[in-house]
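Undergrad: how would this look folded up:
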Amino acid sequence: MLPNTWSVWSWKAFNQRKGQMAKLHFYYSAMNAGKSTALLQANHNYGERGMQTILLTAALDDRAGRGVIKSRIGIETQAVAFEKGDDLAEIVRAKAADQSIGCVLIDEAQFLTRKQVSELTDLVDHDGIPVLAYGLRTDFRGETFEGSQYLLAWADDIREIKAICSCGKKATMNARVNAAGKIERDGNQIEIGGNERYVSLCRKCFTYSEKVTI
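TA: Numbers count the residues shown, from 1 in each chain. Reported below is the predicted structural model:
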């Protein structure tokens, strides 16, 4: 039922404006900056306003369990686990057929493929659904992930979530370390791990340090 003071025309106009306001947002940072916490807070904010959301996270990052988004401060929630070949627009539209979707939130967005980022832009531009993606910008070698590369290229809004290096400067790099704290410079781009394998560093410490405290 429409609000008493609203005509059918004004309701359609509202939905049209809502679609025009939809954007693809990319929130990036080094590790341990609170990306998952920020995502869960955003999801809570939508819920408080009575809006339905869809949460997605990369299936390959199963440290907290498959399809679980968990922050380092202990809060967590269930999400849809996506694989490399999944059509994200199809997943969202299937759920949107039964209910109005206020927002799509994506954790570990660096693991998206180019095609999946394109699907997210289509959800924004064609369906008018806002998308908030959270992820790393670069890997342990300082190279962009595929998902991050195209989010940086195509997102409407790009924001950094700050992290701090042990030297006190802003951390922008993700160093992979062994058990002794020695920084590793070679290896496969993707290796799932937490504080025991990765340390956030500023560019100077990342470039010139051989070993860090873990």
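Undergrad: Contact partners for the residue nearest in space to the middle of the chain?
TA: Against the mean C-alpha coordinate of the chain, by Cα atoms, centre = their mean, the closest residue is Y134 at 1.9 Å. Contact analysis of Y134 by Cβ atoms under 8 Å, 6 or more residues apart in numbering lists Y27, Y28, K35, S36, A38, L39, L105, I106, D107, E108, A109, I161. All C-beta spots, glycine's among them, are computed from the backbone N, C-alpha and C.
Undergrad: any low-confidence regions in this structure?
TA: Within the chain, the segments meeting pLDDT under 70 span 1-20.
Undergrad: circling back: next, give phi and psi for the residue nearest to the centre of the chain.
TA: Phi and psi for Y134, reported as degrees, to the nearest 10, are phi -120, psi 130.
Undergrad: measure it to C205 for me?
TA: Counting by Cβ to Cβ, to the nearest Å, the gap from Y134 to C205 is 24 Å.
Undergrad: what do you get for V92?
TA: On the measure of Cβ to Cβ, V92 and C205 end up 40 Å apart.
Undergrad: For those two, work out which one has more neighbours and name it.
TA: More crowded of V92 and C205, by other Cβ atoms under 10 Å: V92, with 22 against 19.
Undergrad: which residues does I129 contact?
TA: A22, V92, A96, I101, G102, C103, V104, L123.
Undergrad: That one belongs to a strand, doesn't it?
TA: No: per DSSP: H, G, I helix; E, B strand; the rest coil, I129 lies outside any strand segment and is coil.
Undergrad: Spatially, what comes nearest to it if we skip its sequence neighbours?
TA: Closest residue to I129 apart from its sequence neighbours, by Cβ to Cβ, 6 or more residues apart in numbering: L123 at 4.9 Å.
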